[in-house]
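>>> Everything below, folded, please.
(2 chains)
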Amino acid sequence: MRMSEYLKDRITLVLVGWGLFSALFYLMMLAFGNGEEWTADATYLPYDGSIVISFIVLLLVVKFYGTKAFEGKVWSLILIGLSLWMVAEVIWGLDVLLYNLNGSAVPAVLIDNTDYPFLAGYIFMALGFVYKAFNTPSESNLGKAFIVFVLAGTLLIVSAFLVLLPTMETSLFSESEKFFLIAYIVLDIVLFGLGLAIALYWGTEVSKGWHILAAGLLCMMIADVGYTALDLRGIYFDGSLIELAWVAAYLLIGLAANYQKKLHESFM
Amino acid sequence: MATKACVFVQDELMFLGDILSIGMVKKGLERVGSSPDMATPKELMKAIDVHIEPAMVTFVGPVKARKIALKLKDNLTRMGAN
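Next comes the predicted model:
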């Protein structure tokens, strides 16, 4: 399948369009919002919208393959992971919405525990990747393995100096907050390494979908590192441009799933 | 109705999902000028070479795709393709 064909696909256009809309929305809120609270709250619309759209795309992809098929099982596990992330993201969005509507909030038991579905989501994502890797045997290639280790290792070292070590040493966060902040970044790097390994071992010609997925996980890592770095310096606020990296991550996961579906449709 | 050899290949590819398995075999046969209801083992072997194996690579990678293709061709040879 040619990239030009894929870019003309309706679902692809929706995902790319939502990304552009989100970027414009964030910039407009920052430029014309005068720092008012409602402008930061409004950014939850494109933000939560991105993960909801990707969730719908993944549902369509799983429906296309069927849950019993090999590729269907891979995307089902990724879908469960993304669903858990979506639950956590939507809880935050609902909290803001309720506050603006009538001054109420989502129950504390939910809002205070959103880190758990986030972490569980990583586990299901990783399971999907591992299942794919184990069922996609490839001849060992030291060069490709080297690229994965160098890239993942470099990201780990950069993250360690930028945020991991400062997070461990700071008194700004509680022990549990530190645990989650560090866990997110480490898991981002692990997932990125797994995704990239599959993309490289699988061959450039057929694995563009996994390259897109690896790019999404890189965006996720940039977002988590950026958020932690800004938070450590006390300059993070809702509606920060760094949030666009999360938006990009969610949309790229949807684009990757849709690419695989379109690719396999082209063989029928 | 699909020929015995065609049903055999479709069944072997069911791990990809029924819609994809049937669709891939049908398109592969079309590319070699045949169809599921008249496909001979020989035509299926050609379809594997030109379409089915390259398609399988995108699911399970080149190593496993080759292994499955060889197994299919081996069975098709026994069914009369030569």
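
>>> got a list of contacts for the helix or strand harbouring residue B:6?
If you go by DSSP states H and E, residue B:6 is part of helix B:4-12. Where contact means C-beta atoms under 8 Å, 6 or more residues apart in numbering or on different chains, the residues beyond helix B:4-12 that reach it are B:2, B:21-22, B:25, B:29, B:36-37, B:39-41, B:44, B:48, B:52, B:68, B:71-72, B:75-76, B:79-81. C-beta: built from backbone N, CA, C; applies to glycine.

>>> Please identify the next secondary structure element, helix or strand, after that helix.
Remark: after helix B:4-12, the chain's next helix or strand is helix B:18-31, criterion DSSP H and E.

>>> helices or strands next to the following helix or strand past that following helix in the packing?
Following helix B:18-31 in sequence order, the next helix or strand is helix B:41-47 (DSSP H and E). Using 3 or more C-beta pairs under 8 Å, 6 or more residues apart in numbering or on different chains; DSSP states H and E, the elements in contact with helix B:41-47 are helix B:4-12, helix B:18-31, helix B:53-78.

>>> Could you tell me the angle between the shortest one and helix B:53-78?
Spelled out, that is helix B:4-12. In terms of direction (axes from the mean of the first three to the mean of the last three C-alpha atoms, to 10 degrees), helix B:4-12 departs from helix B:53-78 by 130 degrees.

>>> near chain A, which residues of chain B show up?
Counting by C-beta under 8 Å from any C-beta of the partner chain, chain B comes close to chain A at B:15-20, B:23-24, B:26-27, B:51, B:55, B:57-64.

>>> Might you report the residue contacts of residue A:173?
Taking C-beta under 8 Å, 6+ apart, we find residue A:173 in contact with A:167, A:181.

>>> how far away is it from residue A:156?
Using C-beta to C-beta, to the nearest Å, residue A:173 is found at 20 Å from residue A:156.

>>> again, but for residue A:148
Separation of residue A:148 from residue A:156 (C-beta to C-beta): 12 Å.

>>> More neighbours: which of these two?
A count of neighbours by other C-beta atoms under 10 Å in any protein chain shown puts residue A:148 above the other of residue A:148 and residue A:156, at 20 against 16.

>>> Just the element for the residue nearest to residue A:65 when sequence neighbours are not counted, please.
Of all residues not flanking residue A:65 in the chain, residue A:72 sits nearest, at 3.3 Å (C-beta to C-beta, 6 or more residues apart in numbering or on different chains). Element membership of residue A:72 [criterion: DSSP H and E] is helix A:70-102.

>>> Now that helix: buried residues?
By 16 or more other C-beta atoms under 10 Å in any protein chain shown, the buried positions in helix A:70-102 come out as A:70-97.

>>> Could you do stretch A:256-268 as well?
Buried, per 16+ other C-beta under 10 Å, within stretch A:256-268: A:256-264, A:267.

>>> Now flag whichever of those is closest to chain B.
Closest approach between the buried residues of stretch A:256-268 and chain B, by C-beta to the nearest C-beta: residue A:267, at 3.9 Å.

>>> How about the secondary structure of the closest one?
coil (DSSP: H, G, I helix; E, B strand; the rest coil).

>>> Next, the contact list for the residue nearest to it when sequence neighbours are not counted, please.
In space, and not counting its chain neighbours, residue A:267 is closest to residue B:55: 3.9 Å by C-beta to C-beta, 6+ apart. When contacts are counted by C-beta under 8 Å, 6+ apart, residue B:55 is found next to A:264, A:267, B:24, B:28.

>>> from those, which two are the most distant?
Longest distance between any two of the contacts of residue B:55 is 13.8 Å, between A:264 and B:28; criterion C-beta to C-beta.

>>> what sits against residue A:261?
A:60-61, A:64-65.

>>> out of those residues, which are buried?
With burial judged by 16+ other C-beta under 10 Å, the buried subset of the contacts of residue A:261 is A:61, A:64-65.

>>> of those residues, closest to chain B?
Chain B lies nearest to residue A:65 out of the buried ones among the contacts of residue A:261, by C-beta to the nearest C-beta, at 5.1 Å.

>>> need the residues of chain A near chain B, please.
Within chain A, the residues that sit near chain B (C-beta under 8 Å from any C-beta) are A:64-66, A:68-72, A:135-139, A:201-203, A:206-207, A:260, A:263-264, A:267-268.
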